[in-house]
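**Q** Sequence and predicted structure below; questions after.
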Amino acid sequence: MSKSTPGAATGHLSALDGLRGAMAYWVLMGHAFWHSGMVKIPILSSPKYAVQGFMLLSGFLMTWHYVRREAQEPWTDWKTWTSFYIRRYFRISPLYYLLLIPSYLMLPLYRIWRYPGSHDAGMLTPVSWEHVLTHLSFAFGLSPQFHASMPIPDWSISLEMQFYLVFPFLMLLVLRFGWTAVSVVCAGIWFVANLPQLGYAARFEQPAPLCLSLIWFAIGMVWAGEYARKGAIPAKSLIVGFMLLLLTWDLHGILLGSGIGFVLFTSAQVPVLGVVASKLRILLSGRIAVFMANASYSIYLIHLLILRPVAFVINSRLPFSENIKGLMILLVTTVLSYGMAVLLHPIEELGISVGRKLAKRLRAPKAMGALNLAAETATE
C-alpha cells in the first residue's frame with residue numbers, strides 16, 4: 001500500500017475533500033429524486049449510501065487526527081477527552097441551532113410541502129417541549145418518535161454526536177485490546193441491534209441510534225488507525241475493514257466502501273489501477289473539491305429547507321414532464337443551496353474558531369494561562 005497518498009505526510013488527506021463534497025451533493029441529488037417523479041437512477045437516487053460514506057469518512061478522520069495528536073493529547077488524559085468534545089460540539093452546533101429556528105417556525109408549511117410517498121412521515125409529530133429539548137441536546141436520534149421529525153435531515157447529526165460521545169472510550173479500548181478486537185466488538189453490536197427478531201431497527205425510519213450504524217464508523221476507524229501512524233495501511237487493517245464491509249451484506253454499500261478504500265490506499269506504483277487512483281486523488285483535491293468540502297455541512301443541513309418548497313411549486317404549477325420538472329428541481333436547489341452555503345460558512349468558521357480556542361485554553365499550563373490572563377488584563 002502506498003506511502004505516497006497525497007497529504008499522508010502532512011496530516012491532511014486532501015482527497016477526502018472531494019469525497020466529503022461528493023457525498024453531500026449525492027444526498028442533495030438523492031432527495032431531488034425523492035421529491036419528484038423523475039426516473040430513478042440506481043444508487044444515485046439513494047442518499048442513504050452517501051450518508052454511509054459520511055459515517056465511514058467520519059470514523060476515518062476522527063481516528064486520523066486523534067492518533068496524530070496522541071503525543072500532545074494522550075488518550076488517557078481527561079483534558080484530551082474534554083478538548084475533543086469541545087471542538088466537536090462547536091463544529092456541529094452553531095449552524096445546526098441556527099437552522100432549527102426556520103425549521104420550527106415553518107414546520108406547518110413544510111408539512112404541506114411534503115411530496116406524496118416521501119420518507120418523512122415523522123414530520124407530522126406534534127411539537128412539544130420534549131421535542132425541542134431532545135433536539136437541543138442532540139438526544140432525539142435515540143427516539144423513534146423524534147429522530148426524523150424535522151424538515152432537515154438532522155437524524156444523522158444526532159448519530160454523529162452519539163459517535164463523538166463514545167469515540168474516546170473506543171480509543172481506550174483500542175489502546176487495551178487493539179484494532180481488530182474493537183472492530184469485532186463494534187460489528188457484533190451492530191449485528192445484534194439490526195437483528196429482525198429483536199425488532200429494534202424496525203422502530204426507526206432512519207438508522208439514527210449509533211448501534212444501528214456503528215459498523216460504518218468502525219470501518220473508517222480501523223483503516224485510519226495504523227495508517228495515521230505509518231503513512232501506509234497494513235494489510236491486516238485493510239482486510240479487517242473489508243470484512244466489515246462484507247458483513248453489511250449490501251452490494252451497493254460494499255462497492256461504495258471499496259471505492260473509498262481504492263481512492264485512499266491504492267499505490268501510484270500499481271500498474272494501471274495506481275494511475276487511475278492517482279488521477280482520482282488529484283481530481284478530488286482540486287479547487288472545486290475544496291469548495292464543495294467546505295460547503296458540505298451547510299449543504300447537508302440546508303438543502304431540504306430549499307428543496308421542499310421548490311419541489312412543491314415546480315411539481316404543482318409547471319406543465320412539464322416529470323423528468324423535466326425533476327431536473328429543474330435539482331438545478332434550482334443546487335444553485336440556491338450552494339449560494340446559501342457560502343453565506344453560512346462564516347458561522348461554521350466562527351464555531352470552529354471558538355472550539356479551538358476553548359480547547360487550547362483548557363490544555364494550556366496553569367502558569368501560562370495566568371500569564372496570558374495578566375497580559376490580556378494589562379491591555380484592556
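**A** Right, received. Where do you want to start?
**Q** element containing the spatially most central residue of the chain, please.
**A** Geometric centre of the chain, nearest residue: Phe54, 4.0 Å, by C-alpha atoms, centre = their mean. Assigned by DSSP states H and E, Phe54 belongs to helix 47-68.
**Q** helices or strands up against the next helix or strand after that helix?
**A** Counting by DSSP H and E, the next helix or strand C-terminal to helix 47-68 is helix 78-105. With contacts defined as 3 or more C-beta pairs under 8 Å, 6 or more residues apart in numbering; DSSP states H and E, helix 78-105 has these neighbours: helix 129-136, helix 155-177, helix 287-317, helix 322-363. In short, each C-beta sits where N, CA and C put it, glycine included.
**Q** Which one, of those, ends up nearest to Gly257?
**A** For the helices and strands packed on helix 78-105, distance to Gly257 was read as C-beta to C-beta. The smallest value, 16.9 Å, belongs to helix 155-177.
**Q** relative to helix 129-136, how tilted is that closest one?
**A** 50 degrees (axes from the mean of the first three to the mean of the last three C-alpha atoms, to 10 degrees).
**Q** Could you measure from Ala24 over to Trp216?
**A** Distance of Ala24 to Trp216, given as C-beta to C-beta, to the nearest Å: 16 Å.
**Q** Between these two, point out the one with more neighbours.
**A** Taking neighbours as other C-beta atoms under 10 Å, Ala24 and Trp216 compare with Trp216 leading, 28 against 25.
**Q** confidence score at the closest residue to Met171 other than its chain neighbours?
**A** Sequence neighbours aside, Trp75 is the residue nearest to Met171 in space, at 5.2 Å (criterion: C-beta to C-beta, 6 or more residues apart in numbering). In the predicted model, Trp75 carries a pLDDT score of 94.
**Q** Please apply the same query to Leu133.
**A** At Leu133, pLDDT is 97.
**Q** Can you redo the helices and strands packed on helix 78-105 as a markdown table, where the extra columns are distance to Ser46 and mean neighbour count?
**A** Formatted as a markdown table, the helices and strands packed on helix 78-105 follow (distance: least, C-beta to C-beta, whole Å; neighbours: other C-beta atoms under 10 Å):
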| stretch | distance to Ser46 | mean neighbour count |
| --- | --- | --- |
| helix 129-136 | 26 | 15 |
| helix 155-177 | 15 | 19 |
| helix 287-317 | 16 | 20 |
| helix 322-363 | 15 | 16 |
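**Q** of all those helices, which lies closest to Trp249?
**A** Trp249 lies closest, by C-beta to C-beta, to one member of the helices and strands packed on helix 78-105: helix 155-177, at 20.6 Å.
**Q** That closest one vs helix 287-317, what angle?
**A** Counting by the same axes, to 10 degrees, helix 155-177 points 140 degrees away from the direction of helix 287-317.
**Q** then helix 155-177 to PDB, C-alphas only?
**A** Provided in PDB are the C-alpha atoms of helix 155-177 (Å, rounded to 0.1, in the frame of the first residue of the first chain):
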ATOM      1  CA  TRP A 155     -31.100  12.400  12.300                       C
ATOM      2  CA  SER A 156     -27.500  11.800  11.200                       C
ATOM      3  CA  ILE A 157     -26.400  14.900  13.200                       C
ATOM      4  CA  SER A 158     -27.600  13.200  16.400                       C
ATOM      5  CA  LEU A 159     -25.900  10.000  15.200                       C
ATOM      6  CA  GLU A 160     -22.700  11.800  14.700                       C
ATOM      7  CA  MET A 161     -22.900  13.300  18.200                       C
ATOM      8  CA  GLN A 162     -23.500   9.900  19.600                       C
ATOM      9  CA  PHE A 163     -20.400   8.700  17.900                       C
ATOM     10  CA  TYR A 164     -18.300  11.600  19.200                       C
ATOM     11  CA  LEU A 165     -19.600  10.800  22.700                       C
ATOM     12  CA  VAL A 166     -18.400   7.200  22.700                       C
ATOM     13  CA  PHE A 167     -15.300   7.700  20.500                       C
ATOM     14  CA  PRO A 168     -12.700   8.400  23.300                       C
ATOM     15  CA  PHE A 169     -14.000   5.200  25.000                       C
ATOM     16  CA  LEU A 170     -13.500   3.200  21.800                       C
ATOM     17  CA  MET A 171     -10.000   4.600  21.500                       C
ATOM     18  CA  LEU A 172      -9.200   3.500  25.100                       C
ATOM     19  CA  LEU A 173     -10.400   0.000  24.100                       C
ATOM     20  CA  VAL A 174      -8.100   0.100  21.200                       C
ATOM     21  CA  LEU A 175      -5.200   1.000  23.500                       C
ATOM     22  CA  ARG A 176      -6.000  -2.000  25.600                       C
ATOM     23  CA  PHE A 177      -7.200  -4.700  23.100                       C
END
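**Q** Can you pull out the low-pLDDT segments for this protein?
**A** Judged by pLDDT under 70, the chain has its weakly predicted residues at 1-12, 117-119, 365-380.
**Q** Now with 80, please.
**A** By pLDDT under 80, the low-scoring segments of the chain are 1-12, 115-122, 231, 363-380.
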